[in-house]
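> 3D model of this:
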Amino acid sequence: GADHVTVAPTMYLPSRALQAVVGFFLTWGVIASRSWRVNNQKSSASIGIGAFNMVRLPAYNAAGGHQRIAMRPDDDLMLGKILKDSGAHQLLLFGNDMVSVEWYSTLSDAQRGFRKNAYAALRYNFPVFVVATLGTLVQCVWPFIAVWTATGEAQLLYGVTIGALLAAYAITCVHARLPVWLTAFYPIAALLQTSMLVIAVGHTLIAGGIDWRGTFYSLDQLKANRV
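Residues are numbered from 1 along each chain as shown. All right, here's what the predicted structure looks like:
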């Protein structure tokens, strides 16, 4: 009965550093996309995953097809969005070895890949980029420092915050089949992810666009389609 089925794949990530960063990325990706509400047709939460999108033709046409998401480097996510917005019955499933992909081979590969859609994910909005960067540092790194300097109730609250962050990360690792012991490196993963975001967005702004598979797309072209 679904109009759109998207599947979270089993990801093969050869590098431990890559696993740690992807675990962090997935944790906050789930929160940002509200993926637990995607299958609720009354919710506006939507998602599309590049590894697997299966769509009924009538729903695809009703949503406007890929013409609606032309020039969107994050076209998988945007496909999910326009389908859900048009009333399509959307299902998010877990692949559990039936769908698998090697997303990136190394951390440097991931860094180059993030150049493509990091700024797009932030809606090409510089203030949002600043808030996202500072917010990550305050929420995901500072508590691990402050817990050693604070006292009393403040220290307790920082401890609770750390517990919540680590629990969310550990749950993600279990679902993504990543080593749970990577939880111990959570603040390092947060710093790596933040630095990758800053480098990716900085590169896009300095270059005035993105270079993807041999073609340069200017920011003006990319910003023209804000789905």
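> Tell me which residue is most central in this structure.
Gly29 (3.9 Å; CA atoms, centre = their mean).
> For Leu157, see how far away it is.
Between Gly29 and Leu157 the computed distance is 26 Å (CB to CB, to the nearest Å). C-betas here are computed from N, CA, C, even on glycine.
> Give me the number of neighbouring residues for Val180.
13 (other CB atoms under 10 Å).
> Look up the pLDDT of the closest residue to it other than its chain neighbours for me, please.
Using CB to CB, 6 or more residues apart in numbering and skipping the chain neighbours, the partner closest in space to Val180 is Cys173 (4.9 Å). pLDDT for Cys173: 94.
> can you give me phi and psi for the nearest residue to Leu77 once chain neighbours are set aside?
Leaving aside its chain neighbours, Leu77 sits nearest to Gly48 (5.3 Å; criterion: CB to CB, 6+ apart). In terms of degrees, to the nearest 10, the main-chain angles of Gly48 are phi -140, psi 140.
> in terms of contact, does Gly48 touch Ile82 like I think?
No: with contact defined as CB atoms under 8 Å, Gly48 does not reach Ile82; the gap is 9.1 Å.
> Of these two, which one has the most company?
Comparing Gly48 with Ile82 by other CB under 10 Å, the one with more neighbours is Gly48, at 25 against 21.
> C-terminal to the longest helix seen in the chain, what's the next element?
The single longest helix within the chain, with elements called by DSSP state H, is helix 152-176. Counting by DSSP states H and E, the next helix or strand C-terminal to helix 152-176 is helix 186-207.
> What about the closest residue to Arg123 other than its chain neighbours, how many residues nearby?
Spatial nearest neighbour of Arg123, excluding adjacent residues (CB to CB, 6+ apart): Arg226 at 6.6 Å. Using other CB under 10 Å, Arg226 has 11 neighbouring residues.
> you'd agree Arg226 is in a strand?
No: assigned with DSSP: H, G, I helix; E, B strand; the rest coil, Arg226 falls outside any strand and is coil.
> hang on, it packs against Tyr124?
Yes: Arg226 is within contact range of Tyr124, at 7.4 Å (criterion: CB under 8 Å).
> Give the partner strands of whatever helix or strand Phe216 lives in in its sheet and their orientations.
Using DSSP H and E, Phe216 sits in strand 215-218. Its sheet considered, strand 215-218 pairs with strand 209-212 (antiparallel) by DSSP bridges.
> Contacts only, for Ala146.
The contact partners of Ala146, taken as CB atoms under 8 Å, 6 or more residues apart in numbering, are Ala154, Tyr158.
> One more pass at 6 Å, please.
By CB atoms under 6 Å, 6 or more residues apart in numbering, Ala146 lies in contact with Tyr158.
> and if you look at the one 10 residues further on?
Leu156 is in contact with no residue at all, counting by CB under 6 Å, 6+ apart.
> What's the separation between the residue of the chain positioned farthest from its centre and Leu13?
Using CA atoms, centre = their mean, the residue of the chain lying farthest from its centre is Gly152. It sits 35.5 Å away. As judged by CB to CB, Gly152 and Leu13 stand 41 Å apart.
> Ile171 now?
Applying CB to CB to Ile171 and Leu13 gives a distance of 17 Å.
> Repeat that for Ala200.
Taking CB to CB, one finds Ala200 at 18 Å from Leu13.
> Over to Trp181?
From Trp181 over to Leu13 (counting by CB to CB), the distance is 15 Å.
> So these two - more neighbours on which side?
In this view Trp181 and Leu13 are compared by other CB under 10 Å, and Leu13 has more residues nearby, 22 against 10.
> Before I go, just wanted to say thanks for your time.
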